[in-house]
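S.K.: Next input, structure requested:
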Amino acid sequence: MKQILLIAAGEWRYWLRSRLALGSAVIFLLLFTVTSVLSSLHIEAQSHARGEHQTEAEDTFLAQPDRHPHRMVHYGHYLFRTAAPLASFDPGLDMVTGQSIFLEGHRQNTVMFAESAASADFGGLSWLSPALVYQLFAPLIIILLGYGSIAREREASVLAPLMALGVSGQQLVAGKALALLSFVLLLLCPLLLSSSVALSKGESLNALLLLTGFYFIYLSLWLVLTLLASTIFIKRANVLLTLFGLWLGLNLVLPSLAVNAISGTAPTAGKIESDLTMLADLRKLGDGHNANDPAFTKLKADLLAKHGVENVADLPVNFRGIVAMYSEKKLSQVLNEYANNRMTAELQQEQNLQRYGWFSPALAIAAASRAIAGTDLNHYHLFQTQAEEVRFNFVQGLNRAHAEVLSYQNDINRNADAAAWAKARVDASNWQVLEAYKFQTAALLERYSNAYPALQMLLIWLMLVTGILFWRGGSIKP
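M.R.: A predicted model of the protein is given here:
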């Protein structure tokens, strides 16, 4: 163990003398600091704006005067998705997916308004985030620092004296790995410091530690790959060229090819095609605005029999409101079926893409990072699911007021004159069916469950390459 520590200390002395470690750390820290500050400012501004818009939308809805309840069904309401606490570190899909949705009766609208303004804020680096700095540039720093660890000793003819002193190849590898591992731990300090801001926004400490652990595994993998290349090739130039090619292939080329492959082999149905099919199914349910639609004949008969009357005018409730409630329930079931099919297809595409993490650890760490940060596809779907729940609840609340508060006679006579129209309004207190909304990320256990497949890939990558490295270390020769 003493020899391993001495080798690690010697490696650090070399780095400090050559200013390699210091220069690499400064470059990385500057890049991370700039992206962290810009990302935090942007996310904070957007979250504040969305929060204000959400409050304004709720206040505007609740402040509406007395109206016919179905007018409020179509007046609708907006929901805004505020950013997850860790979105400033890893915005994930938030930069390309919509952040708001308009809710109204009889339909499910799509999420709108992706944050295209980010391009103006970041210029040509609009794609760059603190998470990508760790995913793409931290491996380069490790390569730059460690590519010559073994090859340098061989070029300087130091291996023979070391081994003559009883230092085995595996001990040499372990010492170099320990030095690089300590540097990896230093690289992770900015991640912990910057993401700790998320604690003040409600994120758990366990989430931060879990995120840091995932990146530790990922960077350790690059550490091992770097040392492995340094044991295989004799000249440092060949090691550096090989590692740069490996970085280029694993981090840029393969992810791009994987996305193109998934898009070509598992396409999802287009919106127009899906909408046409869905509209055909919705027509079979009848028109909820027309209480005399044949689709509601059985509903009418059952209701009359239940209350022992012969005419809907004699019912203790407004039949038109009952039809609205019944129609909305049936319609929502069909809408949810199509929405679930679409989300299932999107998740299948995402899972197919994640499987390429067996070939590219960059895809695996990106998936794990988004999952823990709460900015992955699952959270985009969670917002849509929560929005539909809000939509259905407030629409059905208004339909219930239509059935129970507004009389049938006043309802059917509402267009007779101005006085009749006034009688067809209900008190604005009925708008209180709308509840306050704030988007929350899923529980940490669920986020970890979503990240677990990617974690498996990273661990298997790390164990496999580490095994090869120490096997190779046993055969190192001067």
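S.K.: can you give me the mean pLDDT across the helix or strand that contains residue 409?
M.R.: Using DSSP states H and E, residue 409 sits in helix 408-412. Helix 408-412 comes out with an average pLDDT of 91.
S.K.: same thing with stretch 379-391?
M.R.: 94.
S.K.: quick one: buried residues of that stretch?
M.R.: Buried residues in stretch 379-391, defined by neighbour count with 16 or more other CB atoms under 10 Å: 379-384, 386-388, 390-391. For glycine as for every other residue, the C-beta is placed from the backbone atoms N, C-alpha and C.
S.K.: thinking again about what came up before, list the buried residues in the helix holding residue 409.
M.R.: Quick answer for helix 408-412 (16+ other CB under 10 Å): 408, 410-412.
S.K.: Nearest to residue 37, out of those: which one, please.
M.R.: residue 411 (58.0 Å; CB to CB).
S.K.: what's the spacing between the closest one and residue 297?
M.R.: Per CB to CB, to the nearest Å, residue 411 is found 20 Å from residue 297.
S.K.: How about the contacts made by residue 244?
M.R.: Contact partners of residue 244, counting by CB atoms under 8 Å, 6 or more residues apart in numbering, are residue 143.
S.K.: Which strand or helix spans it?
M.R.: Residue 244 belongs to helix 236-248, assigned by DSSP H and E.
S.K.: In helices, which of the buried residues of stretch 379-391 appear?
M.R.: 379-384, 386-388, 390-391 (DSSP state H).
S.K.: can you redo the buried residues of stretch 379-391 as TSV with distance to residue 346?
M.R.: Formatted as TSV, the buried residues of stretch 379-391 follow (distance: CB to CB, whole Å):
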residue	distance to residue 346
379	13
380	9
381	8
382	13
383	13
384	10
386	17
387	16
388	16
390	21
391	20
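S.K.: that older thread, distance to residue 475 for the buried residues of helix 408-412 - can I get that in JSON lines?
M.R.: Formatted as JSON lines, these follow (distance: CB to CB, whole Å):
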{"residue": "408", "distance to residue 475": "90"}
{"residue": "410", "distance to residue 475": "92"}
{"residue": "411", "distance to residue 475": "88"}
{"residue": "412", "distance to residue 475": "92"}
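S.K.: nearest to residue 422, of those residues?
M.R.: Comparing these against residue 422 with CB to CB places residue 410 closest, at 9.4 Å.
S.K.: Roughly how far does that closest one sit from residue 64?
M.R.: Noted for residue 410: a distance of 19 Å to residue 64, by CB to CB.
S.K.: Any chance you could list what contacts the helix holding residue 409?
M.R.: 312-313, 315, 317-321, 402, 420, 423-424.
S.K.: Mind doing that once more with 10 Å?
M.R.: 68-70, 291, 311-322, 402-403, 416, 420-426 (CB atoms under 10 Å, 6 or more residues apart in numbering).
S.K.: Give the burial count for residue 251, as a bare number.
M.R.: Residue 251 has 23 neighbouring residues, counting by other CB atoms under 10 Å.
S.K.: correction: residue 360
M.R.: Under the criterion other CB under 10 Å, the count of neighbours that residue 360 has is 22.
S.K.: same check, this time on residue 302
M.R.: The burial count for residue 302: 10, using other CB under 10 Å.
S.K.: repeat for the one 4 residues further on
M.R.: Applying the criterion other CB under 10 Å, we find 9 residues in the vicinity of residue 306.
S.K.: Give me the secondary structure label for it.
M.R.: Under the three-state scheme (DSSP: H, G, I helix; E, B strand; the rest coil), residue 306 adopts helix.
S.K.: How about residue 334?
M.R.: Here residue 334 is helix, with the state taken from three-state DSSP.
S.K.: what number of residues lie near it?
M.R.: Counted with other CB under 10 Å, residue 334 comes out at 14.
S.K.: Could you do residue 104 as well?
M.R.: Residue 104: 16 surrounding residues under other CB under 10 Å.
S.K.: Pull up the gap between the closest residue to it other than its chain neighbours and residue 334, please.
M.R.: Residue nearest to residue 104 in three dimensions, not counting chain neighbours: residue 76, with 3.7 Å by CB to CB, 6 or more residues apart in numbering. For residue 76, the distance to residue 334 equals 20 Å [CB to CB].
S.K.: which stretch of helix or strand covers residue 52?
M.R.: Counting by DSSP H and E, residue 52 is found in helix 20-62.
S.K.: Any chance of the backbone angles for residue 101?
M.R.: Backbone geometry at residue 101, expressed as degrees, to the nearest 10, gives phi -150, psi 140.
S.K.: That one reaches residue 54, doesn't it?
M.R.: No. Applying CB atoms under 10 Å as the test, residue 101 and residue 54 come out as separate, 11.4 Å apart.
S.K.: Which neighbours do these two have in common?
M.R.: In contact with both residue 101 and residue 54: 78-81, using CB under 10 Å, 6+ apart.
S.K.: which one of these is nearest residue 431?
M.R.: residue 78 (14.8 Å).
S.K.: hmm, back to that, the shared contacts of residue 101 and residue 54 into JSON lines, with extra columns for distance to residue 229 and secondary structure?
M.R.: Shown next, in JSON lines, are the shared contacts of residue 101 and residue 54 (distance: CB to CB, whole Å; DSSP: H, G, I helix; E, B strand; the rest coil):
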{"residue": "78", "distance to residue 229": "54", "secondary structure": "strand"}
{"residue": "79", "distance to residue 229": "51", "secondary structure": "strand"}
{"residue": "80", "distance to residue 229": "48", "secondary structure": "strand"}
{"residue": "81", "distance to residue 229": "44", "secondary structure": "coil"}
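S.K.: quick check: domain ranges of the chain?
M.R.: The chain is divided into the following domains under automatic domain parsing: 2-265+351-386+438-473, 271-343+387-427.
S.K.: Please identify the most buried of those domains.
M.R.: Greatest average neighbour count among those goes to domain 2-265+351-386+438-473 (a mean of 18), per mean count of other CB atoms under 10 Å.
S.K.: From the chain's centroid, how far away is that domain?
M.R.: Taking CA atoms, centre = their mean, to the nearest Å, one finds the center of domain 2-265+351-386+438-473 at 13 Å from the center of the full chain.
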